[in-house]
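Q: Here's a sequence, model it:
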Amino acid sequence: MSIESLGQLESRLQNLIDKLELSRMEVEDLRSANTRLEEENAQLKHELAAWGERVSALLGKLDVVGEDGETHEHHEEAVA
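A: Prediction:
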C-alpha cells in the first residue's frame, strides 16, 4: 500500500468521523427538543383537562339554572 493510498484512507476515515460526530450532535439536539416537546405536551394536556373541568362546571350551573326555570314555569302553570 502506498503512502498516497494511506493518505486517501486517512482522509476518508476523518470525513466519516466528522460526519459521525455531526450526527451524534444532531441526535442530542433532537433528543433535547423531544424532551422539551414532551414536557410542553404534558403541560398542554394538563391545561386542557383544567379547561374541560371548568366547562363542565359551567354547564352544570346552566343545567341548574335551566331546571330552576322549568320548576318556576310548572309552578306558575299549576297556580293558574
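Q: which residues does residue 51 contact?
A: For residue 51, the contact set (Cβ atoms under 8 Å, 6 or more residues apart in numbering) is empty. C-beta coordinates here come from the backbone N, C-alpha and C atoms, glycine included.
Q: mind checking the SS state of it?
A: helix (DSSP: H, G, I helix; E, B strand; the rest coil).
Q: Give me the distance between it and residue 24.
A: As defined by Cβ to Cβ, to the nearest Å, residue 51 lies at a distance of 41 Å from residue 24.
Q: Output the below-cut-off pLDDT ranges for this structure.
A: 1, 69-80 (pLDDT under 70).
Q: Which residue ranges of it form helices?
A: 3-79 (DSSP state H).
Q: Centre-most residue in it?
A: Closest residue to the average C-alpha location of the chain: residue 41 at 2.2 Å, with Cα atoms, centre = their mean.
Q: Residue 39 - how many residues pack around it?
A: 10 (other Cβ atoms under 10 Å).
Q: Sorry, wrong one. I was asking about residue 26.
A: Neighbour tally, residue 26, other Cβ under 10 Å: 10.
Q: Give the full set of residues in contact with it.
A: With Cβ under 8 Å, 6+ apart, residue 26 has no contacts at all.
Q: measure it to residue 60 for me?
A: 50 Å.
Q: same thing with residue 32?
A: Residue 32 is 42 Å from residue 60, by Cβ to Cβ.
Q: next one: residue 35
A: Counting by Cβ to Cβ - residue 35 and residue 60 are separated by 38 Å.
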